[in-house]
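[1] sequence unavailable; structure follows:
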């Protein structure tokens, strides 16, 4: 484990644990699943969040456990995700995971991408 901080609301933690249990139940052998969390170039602000379910961390991943959820964070994304808060919104117009990132200097109206100071790559339209 590492000292990196990732926070979740109760609703987000419940949703992630539910997803992880459901995907683990599909396996023939018992396996502990986790969430690969990363930042990639893209989105309308320059960086976009990536989340995938996996049971295999990569060699250079940081491993963080929060609220009984394992996160695998690639080292290149770690500084941009330090202190991230993950929430889950379930509404009539929009549902899904929402991110509040203390490292973001600006974010897109869609909430799926962000800018981080001068190091952000050029963004592309949200369309």
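    Nice, I can see it. Remember, it's a predicted structure, so these values are computed and weren't measured experimentally.

[2] residue 79 belongs to a helix, doesn't it?
    Yes - assessed by DSSP: H, G, I helix; E, B strand; the rest coil, residue 79 belongs to a helix.

[3] wait, doesn't it sit right on residue 102?
    No - counting by C-beta atoms under 8 Å, residue 79 stays clear of residue 102, with 11.5 Å between them. (Each C-beta comes from the backbone N, C-alpha and C, glycine too.)

[4] for the strand or helix carrying residue 17, what is the average pLDDT?
    Per DSSP states H and E: residue 17 is located in helix 10-25. Summarised as a single mean, pLDDT over helix 10-25 is 92.

[5] what packs against the helix or strand following it?
    The helix or strand immediately downstream of helix 10-25 is strand 34-42, counting by DSSP H and E. Here strand 34-42 touches helix 10-25, strand 46-54, strand 69-74, helix 75-81, going by 3 or more C-beta pairs under 8 Å, 6 or more residues apart in numbering; DSSP states H and E.

[6] so which of the ones you listed is the most packed in?
    Most buried of the helices and strands packed on strand 34-42, by mean neighbour count (mean count of other C-beta atoms under 10 Å): strand 69-74, with a mean of 21.

[7] give the contact list for the spatially most central residue of the chain.
    What sits nearest the mean C-alpha location of the chain, by C-alpha atoms, centre = their mean, is residue 37, with 4.1 Å. Under the criterion of C-beta atoms under 8 Å, 6 or more residues apart in numbering, the neighbours of residue 37 are 6, 49-51, 71-73, 77, 81, 84.
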